Structures are given as C-alpha cells and as structure tokens.
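Novice: need coordinates for the below:
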Amino acid sequence: MRARRRSPGSPAAKAIRRFAGAGCVLAALSIAACNSGTSAAPKEASCPELGNQVFLDSTEQGHYRVISPNGGEVFKVGDTLEVVVASGVNDSEALVQLAVTVNGTLKRVILPGLPPRSVNPRAKCRIRFPIPDSLEAGFGSKFSLVSDSVRIRIAWYNNESYQDFSDGYFRITR
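Specialist: Residues are numbered from 1 along each chain as shown. Down below sits the predicted model:
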C-alpha cells in the first residue's frame with residue numbers, strides 16, 4: 001500500500017514534523033494514525049513507555065527529555081499548560097522547572113503544584129497546571145510569566161549538569 005502524500009501545511013504534516021527526531025512513542029503512534037486513514041486520536045504514551053525510549057538530552061547524555069511544550073507554542077495566562085517530560089530507564093529523580101527570561105534575566109522556578117525537591121518522571125511525566133499571572137522567585141519577590149522567552153527545563157536532582165530544555169522558546173501572553 002502506498003502512503004498518502006500530505007501537503008506541507010496540513011495538520012497531519014505539522015504533527016509529524018513537530019515530533020520528528022524527538023525519539024518519542026507519540027510520534028510513531030501519530031504517524032500510524034495518520035497513515036491508517038482513521039480519525040481516532042493516537043493513544044498517549046504512558047510514563048514508562050516514554051522512559052523506555054533512547055534519546056540524548058542537552059548534555060548529550062541519555063537521561064532526560066522535554067517532550068512538550070517544545071517551542072513555538074503560545075499560551076495565555078489562565079490556560080492549562082501540560083508539560084510532558086521523560087527520563088531514561090534508570091533516572092527517577094528530577095527537577096522540572098519553568099525557565100523564564102524577564103528583562104534579560106533568566107529566572108527558574110519549579111512548576112506550580114510540584115514538590116520543591118525532586119519528582120519521578122517515570123511515574124509523573126505529565127504535569128498540568130493553570131498558568132498564573134506571576135510566580136514567586138524566592139525571598140518574597142514575584143515575577144510575571146508574560147514573556148516571549150519561556151522554556152521548560154528538566155534536570156537530574158543530584159547533578160543538574162544532566163539536563164534538557166525545550167528545543168525553542170514558547171510564549172505566555174495576557
């Protein structure tokens with residue numbers, strides 16, 4: 001059977017490009033659903049399925065991966081943001097943070113609703129929270145999340161040099 005050709009601007013082509021190179025089960029499932037001609041949504045990969053993938057993080061190590069948001073998305077304050085991360089088979093302690101550039105300064109803060117220490121991305125790979133207008137940056141100071149330069153960061157709790165960021169920036173608007 002011949003595969004159907006999709007226009008470069010079609011939703012299916014965009015979804016396939018978005019996941020290209022991510023080393024993610026979601027990509028294979030999305031492509032299979034597109035090629036089968038069905039309109040059923042692909043099954044979401046579970047945390048262990050994501051963690052069984054082989055991928056390199058930003059340090060060229062096979063530890064952590066930000067799956068989404070991965071750059072180019074636009075969210076509004078009040079929207080529910082879903083962050084999807086993955087960790088390697090033997091990695092179970094990670095910090096998951098928002099990395100926001102505000103007035104030229106990078107601020108990193110734990111995602112709302114997560115404990116101040118580590119989480120296990122093999123058990124909790126999907127983190128959903130309503131985007132607040134601002135977050136506390138420590139010592140009682142708050143900063144606005146409205147920015148064109150926001151990324152997700154995941155890092156090993158015991159050695160933060162093993163990390164991955166969203167591949168590109170996403171935006172949060174009012």
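Novice: now do the helices in the chain.
Specialist: Counting by DSSP state H, one finds helices in the chain at the ranges 11-19, 25-36, 47-51.
Novice: list the buried residues in the last one.
Specialist: Right, helix 47-51. By neighbour count on 16 or more other C-beta atoms under 10 Å, the buried set for helix 47-51 is 47, 49-51. (Glycine included, C-beta is placed from N, CA and C.)
Novice: which residue, other than its chain neighbours, is closest to the spatially most central residue of the chain?
Specialist: Nearest to the mean C-alpha position of the chain, by C-alpha atoms, centre = their mean, lies Ser68 at 2.6 Å. Spatial nearest neighbour of Ser68, chain neighbours left out: Val84 (4.7 Å); criterion: C-beta to C-beta, 6 or more residues apart in numbering.
Novice: any idea how far the closest residue to Ser144 other than its chain neighbours is from Ala123?
Specialist: Ranked by C-beta to C-beta, 6+ apart and with sequence neighbours excluded, the top spatial neighbour of Ser144 is Ser134, at 5.0 Å. In this view, Ser134 and Ala123 are 29 Å apart by C-beta to C-beta, to the nearest Å.
Novice: which ones are touching the residue nearest to the centre of the chain?
Specialist: Counting by C-beta atoms under 8 Å, 6 or more residues apart in numbering, Ser68 makes contact with 82-84.
Novice: and Ser161, by the same measure?
Specialist: 59, 155.
Novice: mean pLDDT for the helices of the chain: which is lowest?
Specialist: The minimum mean pLDDT among the helices of the chain belongs to helix 25-36 (a mean of 34).
Novice: how is this protein divided into domains?
Specialist: 1-44, 55-173 (automatic domain parsing).
Novice: Val96 and Glu82: what is the separation?
Specialist: As judged by C-beta to C-beta, Val96 and Glu82 stand 12 Å apart.
Novice: an error on my part: the question was meant for Arg174.
Specialist: 20 Å.
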